[in-house]
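Q: Coordinates only, no sequence provided:
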């Protein structure tokens, strides 16, 4: 067992380092492996790692402090992270975490004295349709109950290796409840890529001289295929599925047209927006479509390297993803000679380490480069100077899957679905108070009410669209449409039943943003904390209209002055809630003028103890 | 002539630097005295506010039971209460102790300190007890305006005071908020 008094054996660190280049870009990946091996980053290991990739120890410590799943203190043989999304909370996660702590005799967030285990909360783990969920040593536990927690506690007490726990505990369902035209069934691996290349003429797929083919002036069929595919993408009017809705074809063309020695294709599978889990399902059951979309992008823009940046909450998909990549290499769909054309493209997997901000594209790139995930300045955009300052296409998992379908079926086919400005279909991640949570595919433009009807949640009082950073809509708005024209969304659809207290929702979201603010800019770092404090104050019955006014002011400040989207959208739910669910605030408003958030007399308690005083002047 | 506005000032966990900055308004102090009458203030050594005053200026954060009482007294007796300077607005330098427990702070000073004789934490009932942390004013009472700066410049204080006296919006223009 690892104990503080015996310095851990560094042999495994050395083994891990042997498998990694001396490249700062490897830093985060190395630290993740060290964390998995030791369940913390020992100071000695940090030193070895720093020397290996030639960065300062402070830099390594900076990463350990930044990413939630890295720790500089020992977390125990069993590390349990209970998912803290509002949907998990509504399913009782808070009580379950306490229950497990009690069963283990551990304090929340503190490693048990004998080093057996620790229990923590973590941001949404993407299992909202089958919660309450948790991670144990990185693997997802779903549909937790008290009975299951009893078993978990027993297995931990008996020191049973997680690999020997019942598989049922770790069962993750797709819950794909409704498919439309895109995700009826996975497409044949390679079909989209072949279709794309054939657009240049049948000779494309013959062996080619790559250098000649990529020369724009060559008029080579292979090159024509790429250009025609881009045209199809333009015809499709595909907009990014990560939420912002930027047109994919413009991004791809911009990347292609910038002169650079290298280009990259990055798939954003960080999926940190609480309540979102579509990428999890796509990467599990439509894996080839995603990788094929990335390969297509490489073909169109002239990139040789693709990177899947995936959140560590989905570590259980690692073996599956690696197996699919290996198969695609064997089948000539990846590697030095894709489909025998001489086109070289391969995909690496980069793991995140628990940071919502890394879903923001420039923060994600910083993370791939082995730094803290802090957003870069808005300009230049990653498509101009992204990974290693080279042109980089960063698209969402679903966008790449859609691109592969467009290559296969054509842009006009795709544009025939959805609405004028929101072509195609969209995956919605339905969770919360409804009978059938899961993934629903609809053409864009579907109304909130229709989704609610299909999932069995029509009696809802509210739906959170697009996660905590999105929009809270009330019953009055259920006829609004899910499309970029009206409610634009990454696909998150959290349903709140008639008896839910919407203030609890606000509190959960506010705490989420406080935790996830990257700390780069003051409005967000301080603002999200102030907002969480004010909401806690109202929750404690010490709030007054003045505090609500303060919430409004800080919200406005964040919206207008935060450095990136995280801070700018962090107060959305507060603004919506105050507008639409004021009743749940007002019933907590016990103070008319002002009251301190803390108990003044209790603030003197420590001094009373230290001085052994209890006279009248020793109280407030 | 209209009756003079009444002003009260005090320093809680502060260094009196903000008061010094107020005195730095130089000859404008004569103009100020034409417009206002000072009630409780360290400038005239009046200890208690008599009746209501129009404007209360407080520098320093809230560090002990006495500062809570003084602050509450000001809130009750000032129509407009202004937080003046870094310590009042954020806790400032004194709040650096918030990173440590009160026990650790007192032991460092009175038990383990260099040259300490008869080591014990002072417990005389005459002494106000320290709060667990140093708080900014607006976390203890409602505060109407904040004037940032360490200290706020004489010009900034003059701007705020003359605006409040004349009934104008006292919010500082950018030029007076910038330090470079």
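A: Thanks, I have it. Being a predicted model, the structure only gives us computed values, none of them experimental.
Q: Which positions in the stretch 51-200 of chain A make contact with chain B?
A: Within the stretch 51-200 of chain A, no position is near chain B by Cβ under 8 Å from any Cβ of the partner chain. The way it works is simple: take the backbone N, C-alpha and C, and place the C-beta from them, glycine included.
Q: The stretch 51-200 of chain A: strands as residue ranges?
A: A:78-83, A:117-122, A:134-136, A:139-141, A:176-178 (DSSP state E, counting those that start in this stretch).
Q: helices and strands around the first one, which ones?
A: I take that to be strand A:78-83. In terms of contacts (3 or more Cβ pairs under 8 Å, 6 or more residues apart in numbering or on different chains; DSSP states H and E), strand A:78-83 is packed against helix A:93-104, strand A:117-122, strand A:134-136.
Q: Also the fourth one?
A: Counting contacts by 3+ Cβ pairs under 8 Å, 6+ apart, strand A:139-141 packs against strand A:134-136.
Q: Could you give the average pLDDT over the strand it packs on?
A: Strand A:134-136 comes out with an average pLDDT of 98.
Q: Report how many residues lie close to residue A:171.
A: Neighbour count for residue A:171, taken as other Cβ atoms under 10 Å in any protein chain shown: 12.
Q: how long is stretch A:610-618 from one end to the other?
A: 12 Å (Cα to Cα, to the nearest Å).
Q: Please enumerate the strands of the stretch 201-350 of chain A.
A: Going by DSSP E, counting those that start in this stretch, the stretch 201-350 of chain A shows strands at A:264-269, A:305-310, A:335-338, A:343-351.
Q: Most tightly packed of the strands of the stretch 51-200 of chain A?
A: Comparing the strands of the stretch 51-200 of chain A by mean neighbour count (mean count of other Cβ atoms under 10 Å in any protein chain shown), strand A:78-83 ranks first with a mean of 26.
Q: Can you pull out the low-pLDDT segments for chain B?
A: Along chain B, segments meeting pLDDT under 70 span B:1-2, B:180.
Q: buried set for stretch A:92-112?
A: A:93, A:94, A:96, A:97, A:99, A:100, A:101, A:103, A:104, A:106, A:111, A:112 (16 or more other Cβ atoms under 10 Å in any protein chain shown).
Q: distance of the last one from residue A:91?
A: Just to be clear, that refers to residue A:112. 26 Å (Cβ to Cβ, to the nearest Å).
Q: likewise the fifth one?
A: According to Cβ to Cβ, residue A:99 and residue A:91 sit 13 Å apart.
Q: ok, so of the buried residues of stretch A:92-112, who is nearest chain B?
A: Distances from chain B to the buried residues of stretch A:92-112, taken as Cβ to the nearest Cβ, are shortest for residue A:111 (21.8 Å).
Q: thinking again about what came up before, select, out of the strands of the stretch 51-200 of chain A, the one closest to residue A:231.
A: strand A:176-178 (31.2 Å; Cβ to Cβ).
Q: chain center to that closest one, what's the gap?
A: 21 Å (Cα atoms, centre = their mean, to the nearest Å).
Q: swap in stretch A:537-546?
A: Per Cα atoms, centre = their mean, the centroid offset for stretch A:537-546 relative to its chain is 32 Å.
Q: what about that stretch, how long is it end to end?
A: With Cα to Cα as the measure, what separates the two termini of stretch A:537-546 is 12 Å.
Q: ok, and what's touching it?
A: Defining contact as Cβ atoms under 8 Å, 6 or more residues apart in numbering or on different chains, one finds that stretch A:537-546 is touched by A:503, A:507, A:534, A:547-548, A:585, A:588-597, B:142.
Q: at 6 Å what do you get?
A: With contacts defined as Cβ atoms under 6 Å, 6 or more residues apart in numbering or on different chains, stretch A:537-546 is touched by A:507, A:547, A:588, A:589, A:590, A:591, A:594, A:595, A:597.
Q: Could you do stretch A:146-166 as well?
A: Here stretch A:146-166 has contacts from A:78, A:96, A:99, A:100, A:103, A:104, A:117, A:136, A:137, using Cβ under 6 Å, 6+ apart.
Q: pretty sure the first one is in contact with residue A:119, am I right?
A: No. Under the criterion of Cβ atoms under 6 Å, residue A:78 makes no contact with residue A:119, lying 8.9 Å away.
Q: related to what we said a few turns ago, which of the contacts of stretch A:537-546 fall in strands?
A: In strands, judged by DSSP state E, none of those are found.
Q: how many neighbours does the residue of the stretch 401-550 of chain A found nearest chain B have?
A: Closest residue of the stretch 401-550 of chain A to chain B, Cβ to the nearest Cβ: residue A:546 (6.4 Å). For residue A:546, the neighbour count with other Cβ under 10 Å is 15.
Q: how much space between it and residue B:51?
A: From residue A:546 to residue B:51 the distance is 26 Å (Cβ to Cβ).
Q: Same check on residue A:458?
A: 63 Å.
Q: And residue A:396, by the same measure?
A: 66 Å.
Q: the more surrounded of those two?
A: Legend: neighbour count by other Cβ under 10 Å for residue A:396 and residue B:51, higher for residue A:396 (27 against 7).
Q: and the more buried one, bridged to which residues?
A: residue A:268 (DSSP bridges).
Q: What residues does it make contact with?
A: Contacts of residue A:396 (Cβ under 6 Å, 6+ apart): A:240, A:241, A:242, A:268.
Q: what's the closest residue to residue A:276 other than its chain neighbours sitting at in phi/psi?
A: Nearest residue to residue A:276, sequence neighbours excluded (Cβ to Cβ, 6 or more residues apart in numbering or on different chains): residue A:492, at 4.6 Å. Residue A:492 has phi and psi values of phi -70, psi 140 when expressed as degrees, to the nearest 10.
Q: List the contacts of residue A:492.
A: Neighbouring residues of residue A:492 by Cβ under 6 Å, 6+ apart: A:273, A:275, A:276, A:429, A:466, A:467.
Q: if we can go back for a sec, can you redo the strands of the stretch 201-350 of chain A as a markdown table with mean pLDDT and mean neighbour count?
A: As requested, the strands of the stretch 201-350 of chain A are exported to a markdown table (pLDDT from 0 to 100; neighbours: other Cβ atoms under 10 Å in any protein chain shown):
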| stretch | mean pLDDT | mean neighbour count |
| --- | --- | --- |
| strand A:264-269 | 98 | 27 |
| strand A:305-310 | 98 | 22 |
| strand A:335-338 | 92 | 16 |
| strand A:343-351 | 96 | 19 |
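Q: Need these in a markdown table (columns: distance to residue A:64).
A: Below are the strands of the stretch 201-350 of chain A laid out as a markdown table (distance: least, Cβ to Cβ, whole Å):
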| stretch | distance to residue A:64 |
| --- | --- |
| strand A:264-269 | 23 |
| strand A:305-310 | 19 |
| strand A:335-338 | 35 |
| strand A:343-351 | 15 |
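Q: Tell me which residues are up against the helix or strand harbouring residue A:50.
A: Using DSSP states H and E, residue A:50 maps to helix A:43-53. In this structure, residues lying in contact with helix A:43-53 by Cβ under 6 Å, 6+ apart are A:10, A:13, A:17, A:22, A:24, A:26, A:27, A:30, A:34, A:57, A:60.
Q: Out of those residues, which two sit at the greatest distance?
A: Farthest pair in the contacts of helix A:43-53, by Cβ to Cβ: A:10 and A:24, 20.5 Å.
Q: which non-adjacent residue is nearest whichever residue of the stretch 101-250 of chain A sits closest to chain B?
A: Chain B sits closest to residue A:110 of the stretch 101-250 of chain A, with a gap of 17.7 Å, by Cβ to the nearest Cβ. Leaving aside its sequence neighbours, residue A:110 sits nearest to residue A:118 (Cβ to Cβ, 6+ apart; 6.5 Å).
Q: Which residues are in contact with the residue sitting nearest the centre point of chain B?
A: What sits nearest the mean C-alpha location of chain B, by Cα atoms, centre = their mean, is residue B:59, with 1.6 Å. The contact partners of residue B:59, taken as Cβ under 6 Å, 6+ apart, are B:11, B:14, B:18, B:84, B:85, B:88.
Q: what's the answer for residue A:129, then?
A: A:175, A:431, A:437, A:438.
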